[in-house]
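Chemist: Return atomic coordinates for the entry below.
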Amino acid sequence: MQNKLFDNTEIAFKNKSLFDLLRAYFIFKIISFPRLVSISKSILLLFLKIRLPIKFLIKHSIFKQFCGGENEDDCKVTIDNLMSSNIYSILDYSVEGLVSNESFDNTVSRTLNLIKLNTSNNFPFIVFKPTAIGEFKLYEKVSLKMKLSEKEVVEWNIVLNRYNLICDSASRNNVSVLIDAEETWIQASVDEIYENLVVKYNSDRATVYNTVQAYRVDRLDYIKHLQKKFDSNSVNIGIKLVRGAYMEKERERSNKLNYPSPIHNSKNETDTCFNTCMNYMFENIDLFSIFIGTHNEDSNALAINNIKKHNLNINDGKVWFSQLYGMSDHISYNLSFNGYKVAKYLPFGPVKDVIPYLLRRADENTSIEGQTSRELSLFSKELNRRRI
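Modeler: Coordinates of the predicted model:
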């Protein structure tokens, strides 16, 4: 399903200078060689370990491509630049791996601050990972219905309070909350929290969104479960639909512990599940608000067809499209140009601290079939257009 809507590079790259295009082309060219990515990662990690001063190089290359800045103030220029094309920003503090009550509370404080910063409505969503505000093992015990100790009960109530602090502030400030997905063996507890938040905060609009990873074999059933549970209630079910982020980890664990893999066997099966879940929510759009997080052109085109099929108002916020900053501008900018609601995930954080995120971006672009080659062909097309 090729959709020519996404072929207009003049619209896609109108905010990029010639230097921006050349830098992006160079970065994606490197990413197109998996062995080179692997070698570059090893060299980068070595340089960091021996404390070589390479921050400047990283900041003005891969960091500049995929991140908005080191802090909220740094991101303002990028936010305004995106907004000039009617593309909203979702600020995402992309520092990973911090696990302590201090770091959990810091995540809450930073998230509340982002909500308060939204005075001009340039970023109508905020996002956080469940394990950024609570301990992984605690989510796991709750998911497995294991009995908690008295101390753990107190800790779990603190985690629940963190969710409510964020959602309450978001509700009062007309911002929506995207709760990221986690690994299958802790996701059940997150789903349960979300369903309780729906009752509390989603009566007037979809304030809280849960994330559905379409590579999971049970996610269509989960969406149907939500419909059955809330169909008679006056609520809005917010769902962020993505393909998924923990594929290798899920397969390794299921093999190691000898249980059936919770994820689909192939990309085609995942694509089918993504599109089926999306179609199902469009068929029940009175109940669902859909946040479509994908770089797949066919799925975005299918969403457009659904919007037209169901005669939906593209300005009412029931359907949002989203891509990561630094990727798939041909989708984001062309969708926005045609009036659809679009938001870019805009990661930020200190250069050194977001390196794990940047390495993950490089790995994912290397592994997604056709992603990098498509980006390169579009950069080439626009560079040739500008030389005429």
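
Chemist: so who does the nearest residue to residue 59 once chain neighbours are set aside touch?
Modeler: Once flanking residues are discounted, residue 59 sits nearest to residue 351: 5.1 Å by Cβ to Cβ, 6 or more residues apart in numbering. In this view, the C-beta of every residue, glycine as well, is placed from N, C-alpha and C. Counting by Cβ atoms under 8 Å, 6 or more residues apart in numbering, residue 351 touches 55, 58-59, 63, 70.

Chemist: What distance do you get for residue 351 to residue 142?
Modeler: As judged by Cβ to Cβ, to the nearest Å, residue 351 and residue 142 stand 35 Å apart.

Chemist: buried residues in the longest helix belonging to the chain?
Modeler: Secondary structure assigned by DSSP state H gives helix 150-172 as the longest helix of the chain. Neighbour-count burial for helix 150-172 flags 152, 155-156, 159, 162-163, 165-167, 169-171 (criterion: 16 or more other Cβ atoms under 10 Å).

Chemist: Helices of the stretch 51-200 of the chain, residue ranges please.
Modeler: For the stretch 51-200 of the chain, the helices defined by DSSP state H, counting those that start in this stretch occupy 55-59, 62-66, 76-83, 101-117, 136-143, 150-172, 184-201.

Chemist: Just name the most buried of those.
Modeler: Compared across these, helix 62-66 shows the largest average neighbour count, a mean of 21 (mean count of other Cβ atoms under 10 Å).

Chemist: now could you export just the CA positions of it as CSV?
Modeler: Only the C-alpha atoms of helix 62-66 are listed here, as CSV (Å, rounded to 0.1, in the frame of the first residue of the first chain):
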residue,chain,number,x,y,z
ILE,A,62,23.8,11.8,16.7
PHE,A,63,22.5,13.8,19.7
LYS,A,64,21.5,16.8,17.5
GLN,A,65,19.7,14.4,15.1
PHE,A,66,17.6,12.5,17.7
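
Chemist: Give me the distance from it to the chain's centre.
Modeler: The chain centre lies 17 Å from the centre of helix 62-66; the measure is Cα atoms, centre = their mean, to the nearest Å.

Chemist: Rounded mean pLDDT for it, please.
Modeler: For helix 62-66, the mean per-residue pLDDT is 91.

Chemist: do stretch 340-358 as well
Modeler: 90.

Chemist: May I see the buried residues of it?
Modeler: Under 16+ other Cβ under 10 Å, the buried positions of stretch 340-358 are 340-349, 351, 354-355, 357-358.

Chemist: could you dump stretch 293-300 to CSV, C-alpha only?
Modeler: C-alpha atoms of stretch 293-300 as CSV (Å, rounded to 0.1, in the frame of the first residue of the first chain):
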residue,chain,number,x,y,z
GLY,A,293,2.8,5.7,17.2
THR,A,294,4.4,4.3,14.1
HIS,A,295,7.0,4.9,11.3
ASN,A,296,5.2,2.5,9.0
GLU,A,297,3.8,4.3,6.0
ASP,A,298,1.1,1.6,5.3
SER,A,299,-0.3,1.8,8.8
ASN,A,300,-0.4,5.6,8.7
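
Chemist: Which strands and helices lie in contact with the longest helix of the chain?
Modeler: helix 101-117, strand 125-128, helix 136-143, strand 176-179, helix 184-201 (3 or more Cβ pairs under 8 Å, 6 or more residues apart in numbering; DSSP states H and E).

Chemist: now these in CSV, with mean pLDDT?
Modeler: As requested, the helices and strands packed on helix 150-172 are arranged in CSV below (pLDDT from 0 to 100):
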stretch, mean pLDDT
helix 101-117, 93
strand 125-128, 96
helix 136-143, 98
strand 176-179, 98
helix 184-201, 98
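
Chemist: Please identify which of the ones you listed is closest to residue 332.
Modeler: strand 125-128 (14.6 Å; Cβ to Cβ).

Chemist: Output the closest one as PDB, nothing but the C-alphas.
Modeler: What follows is strand 125-128, C-alpha atoms only, in PDB (Å, rounded to 0.1, in the frame of the first residue of the first chain):
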ATOM      1  CA  PHE A 125       1.000  15.100  26.000                       C
ATOM      2  CA  ILE A 126       3.500  14.100  28.600                       C
ATOM      3  CA  VAL A 127       5.000  10.600  28.900                       C
ATOM      4  CA  PHE A 128       6.700   8.400  31.500                       C
END
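
Chemist: Name every strand pairing with that strand and say which way it goes.
Modeler: Under the criterion DSSP bridges, strand 125-128 sits next to strand 176-179 (parallel) in its sheet.

Chemist: what residues does the strand it pairs with touch?
Modeler: Contacts for strand 176-179 (Cβ under 8 Å, 6+ apart): 90, 124-128, 130, 166-167, 170, 190, 193-194, 205-211, 238, 240, 291.

Chemist: again, only this time at 6 Å
Modeler: 125-127, 167, 170, 207-210, 240 (Cβ atoms under 6 Å, 6 or more residues apart in numbering).
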